[in-house]
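Enquirer: generate a structure from the sequence data that follows.
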Amino acid sequence: MIRLPQSEPGFKPNRFSPKNILRTTGLLSTFFIATFGAIYSFGATPNTPTSGSEISQPGLFDAISSRAKLLAKENYKPVVANIPEALAKMDYDQYRSIRFRPEASLWRNEALFEVQLFHAGYISREPKILHMATNNGDSILQFKQEYFNYEGPAASLAGIAPKDIGFAAFRLHYPLNNVNYKDEFFAFSGASYFRMVGPNQAYGISGRGLAIDTAESSGEEFPSFREFWLLKPTPSENHVVIYALLDSPSIAGAYRFDMYPGAKNQVKVTARLYARKDIKKLGVAPLTSMFLYGENSVNKYKFDDFRPEVHNSDGLLMQTSSGEWIWRPLTNHRALHVSSLSDNSPQAFGLLQRDRNFENYLDTEAKYEKRPSVWVKPDVPFGKGRLELVEIPSDSEANDNMVAYWVPEQSMRSGEEREFKYTLFTYDADIPDQPLAKVLRTKTGWGAVAAQSNPPPKSKRQFAIDFQGGELDKLPAGTQVQADLIKNAGKLSDLQVSKLPNGKSYRVSFKIEPEGSNVVDMRLFIKTKDKRLSEVWSYPWYPDNTPN
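Expert: Okay, the predicted model is just below:
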């Protein structure tokens, strides 16, 4: 199997057939109170400078925003890349052999942060313009051959790139894990994609500037960051600011990224958007990840692989406006599925990698147990809309096949302006302010009884959901724990709650039999007589995913 190394740019847009898209709203969208959400105005109040490097550039973000607004009033013009054929057609091994020279890092020995650059070519054929926003004004960073070493298979490519070729992307380094070494913690990696990690984590999930018409029959549009402005921090500053100009056939935008690496790694995002055309579905704060198979997979044995699980993320978590926590395990289905959770101004959401146990992956190279969980917290309410999850069938871990984003209820019209502000956090397994017991694992299998003479169809499933944490290990002896399970369809049987041998966890088990091809949409939590103890387990069972 081939894996892109951490330091390599490039992304793989999710491609899929629009046919037979199954969408689930049902129970998932009936538990939230929804009222009209605001559409935000902006531009009247400039951002207060929070970085020393901004003091000399107080109006830069407003100027970029004005440029984006003007762009949206013009016809879209694709980027014309000046990439020689030899670079455009280089292969994977050649691209890997072009390495940035660390001693050429921008801001080296001048700040806690350093910037390293990616060479254009291979799949990165839309170079970015990088502006160095300094005290002396704005200058474009020109390509230099001496930034890179052309080794092995790439030796023949040295000297080919013209000075105006630009760069494929860039990454930022900071002393994240110790004061003696500057780790890579953030990388812009193609289109509007970016990746971030916290202490002792490895790259996995990606963020995106924007998602447009994801999983729509008309096809998905991939906006791209065309230009960046890098604001050099002061020598002691632990905060860096990056501006970006986004453009695509339907929209233009100005983005501000305030990065605060550290134990509580966070990136504050301000997105000012200007619609060039009517947009059917606007995906705000999108996250893209990979789930090949896991503990809940019914088809994992189709993969000829020694590893028990393979995924960058294993579930979607949402904290609703009412404070309810909802956990939705991810699944690699046989067909593309779209599900949604409706709400009015959710408090937060994210794609998590809860399973941090190496024994459940056994992969010393990929280190899936170290992949970050990314949490999105709106700084200004998102208003009425829905959290949408797209699960795309995949047979390779090289494909990012899980996408989650917020969709405002009101679609965006040509000429309209909106602003969104939110903060991205990287965590490990847990979200610090989540107080309730969490879903530890989800298991499912055929709901037959051993040696049964007339077994049921394999679409009859037995589920076992284990809860752990919160107050479960502090319950007085003899406390009766109950399961609250509701569903939209199907026949339920054998519902039980039992305490696991560790004395700290509880299992809810049951069997469910679908009615024909109807999706069984389930919602479950555990409680005592008068108190909820856990988050909500939300799970749709699609009969078409039944193993052969």
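Enquirer: residues in a beta bridge with residue 337, which ones?
Expert: Using DSSP bridges, the bridge partners assigned to residue 337 are residue 22, residue 391.
Enquirer: and residue 117, by the same measure?
Expert: Beta-bridge partners of residue 117, counted by DSSP bridges, are residue 170.
Enquirer: which ones are touching it?
Expert: The contact partners of residue 117, by C-beta atoms under 8 Å, 6 or more residues apart in numbering, come to 100, 106, 130, 147, 167, 169-170. In this view, the C-beta of every residue, glycine as well, is placed from N, C-alpha and C.
Enquirer: try it again at 6 Å.
Expert: For residue 117, the set of contacting residues under the criterion of C-beta atoms under 6 Å, 6 or more residues apart in numbering consists of 100, 147, 167, 170.
Enquirer: apart from its neighbours in sequence, what residue is nearest the first one?
Expert: I take that to be residue 100. Here the nearest residue to residue 100 in space, its sequence neighbours aside, is residue 116; by C-beta to C-beta, 6 or more residues apart in numbering that works out to 4.8 Å.
Enquirer: please convert the contacts of residue 117 to a markdown table, extending it with distance to residue 334 and pLDDT.
Expert: Below are those laid out as a markdown table (distance: C-beta to C-beta, whole Å; pLDDT from 0 to 100):
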| residue | distance to residue 334 | pLDDT |
| --- | --- | --- |
| 100 | 42 | 96 |
| 147 | 46 | 96 |
| 167 | 40 | 93 |
| 170 | 39 | 97 |
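Enquirer: in which helix or strand does residue 328 reside?
Expert: Residue 328 is located in strand 325-329, with elements delineated by DSSP states H and E.
Enquirer: same for that strand, what does it pack against?
Expert: The contact analysis (3 or more C-beta pairs under 6 Å, 6 or more residues apart in numbering; DSSP states H and E) places strand 325-329 against strand 315-319, strand 536-541.
Enquirer: partners of the shortest one in the sheet?
Expert: Strand 315-319 pairs in its sheet with strand 325-329 (antiparallel), strand 348-352 (antiparallel), by DSSP bridges.
Enquirer: which one of those is the most hemmed in?
Expert: Most buried of those, by mean neighbour count (mean count of other C-beta atoms under 10 Å): strand 348-352, with a mean of 25.
Enquirer: list the contacts of the strand holding residue 328.
Expert: Contacts with strand 325-329, where a contact means C-beta under 6 Å, 6+ apart, come from 296, 315-319, 434, 436, 439, 442, 535-538.
Enquirer: just the helices in this protein please.
Expert: 60-72, 85-88, 92-96 (DSSP state H).
Enquirer: let me see the mean pLDDT of the second one.
Expert: The reference is to helix 85-88. Mean pLDDT, helix 85-88: 92.
Enquirer: that helix: how far from the chain's middle?
Expert: Its chain's C-alpha centre lies 31 Å from the corresponding centre of helix 85-88 when counted by C-alpha atoms, centre = their mean, to the nearest Å.
Enquirer: would you mind putting the CA coordinates of it into CSV?
Expert: Output for helix 85-88, consisting of C-alpha atoms alone and laid out as CSV, is shown next (Å, rounded to 0.1, in the frame of the first residue of the first chain):
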residue,chain,number,x,y,z
GLU,A,85,5.6,19.7,-18.9
ALA,A,86,8.4,17.8,-17.1
LEU,A,87,7.1,19.0,-13.7
ALA,A,88,3.5,18.5,-14.5
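Enquirer: buried stuff in it?
Expert: Buried residues in helix 85-88, defined by neighbour count with 16 or more other C-beta atoms under 10 Å: residue 87.
Enquirer: same for it, what does it pack against?
Expert: Judged by 3+ C-beta pairs under 6 Å, 6+ apart, helix 85-88 has no packing partners among the helices and strands.
Enquirer: lowest average confidence, helix or strand, in this structure?
Expert: When the helices and strands of the chain are compared on mean pLDDT, DSSP states H and E, strand 22-24 comes out lowest with a mean of 50.
Enquirer: tell me the domain ranges of the chain?
Expert: 22-427, 438-545 (automatic domain parsing).
Enquirer: mean pLDDT lowest for which of those?
Expert: Here the domains of the chain differ in mean pLDDT, and the lowest is domain 22-427 at a mean of 90.
Enquirer: coming back round to it: same list (the helices of the chain) but as CSV, adding distance to residue 492.
Expert: Putting the helices of the chain into CSV (distance: least, C-beta to C-beta, whole Å) gives the following:
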stretch, distance to residue 492
helix 60-72, 52
helix 85-88, 57
helix 92-96, 50
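Enquirer: count of neighbours near the closest residue to residue 511 other than its chain neighbours?
Expert: Spatial nearest neighbour of residue 511, excluding adjacent residues (C-beta to C-beta, 6+ apart): residue 447 at 4.2 Å. Using other C-beta atoms under 10 Å, residue 447 has 20 neighbouring residues.
Enquirer: which residues touch residue 447?
Expert: When contacts are counted by C-beta under 6 Å, 6+ apart, residue 447 touches 460-462, 511.
Enquirer: again with residue 535
Expert: Listed by C-beta under 6 Å, 6+ apart, the contact set of residue 535 reads 325, 327, 436, 438.
Enquirer: ok, which pair from those is furthest apart?
Expert: Spanning the widest gap among the contacts of residue 535 are 327 and 436, at 10.0 Å by C-beta to C-beta.
Enquirer: about what we covered before: centre of the chain to the strand holding residue 328, how far?
Expert: The offset between the C-alpha centroid of strand 325-329 and the centroid of the whole chain comes to 15 Å, using C-alpha atoms, centre = their mean.
Enquirer: could you do stretch 372-383 as well?
Expert: For stretch 372-383, the distance between its averaged C-alpha position and the chain's averaged C-alpha position is 11 Å (C-alpha atoms, centre = their mean).
Enquirer: how long is it end to end?
Expert: Using C-alpha to C-alpha, to the nearest Å, the gap from the first to the last residue of stretch 372-383 comes to 27 Å.
Enquirer: same deal with stretch 227-240?
Expert: As for stretch 227-240, its first-to-last residue distance stands at 17 Å under the measure C-alpha to C-alpha.
Enquirer: residue 340 reaches residue 386, doesn't it?
Expert: Yes - with contact defined as C-beta atoms under 6 Å, residue 340 counts as touching residue 386 (4.3 Å).
Enquirer: of the two, who's got more company?
Expert: Neighbours of residue 340 and residue 386, each counted by other C-beta under 10 Å, are more numerous for residue 386; the result is 21 against 18.
Enquirer: if we can go back for a sec, next, format the contacts of residue 117 as a markdown table and append neighbour count and distance to residue 520.
Expert: Formatted as a markdown table, the entries for these read as follows, by neighbours: other C-beta atoms under 10 Å; distance: C-beta to C-beta, whole Å:
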| residue | neighbour count | distance to residue 520 |
| --- | --- | --- |
| 100 | 19 | 51 |
| 147 | 19 | 56 |
| 167 | 22 | 50 |
| 170 | 22 | 47 |
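Enquirer: give me the subset of those residues that lies in strands.
Expert: With DSSP state E as the criterion, strands contain 100, 170 from among the contacts of residue 117.
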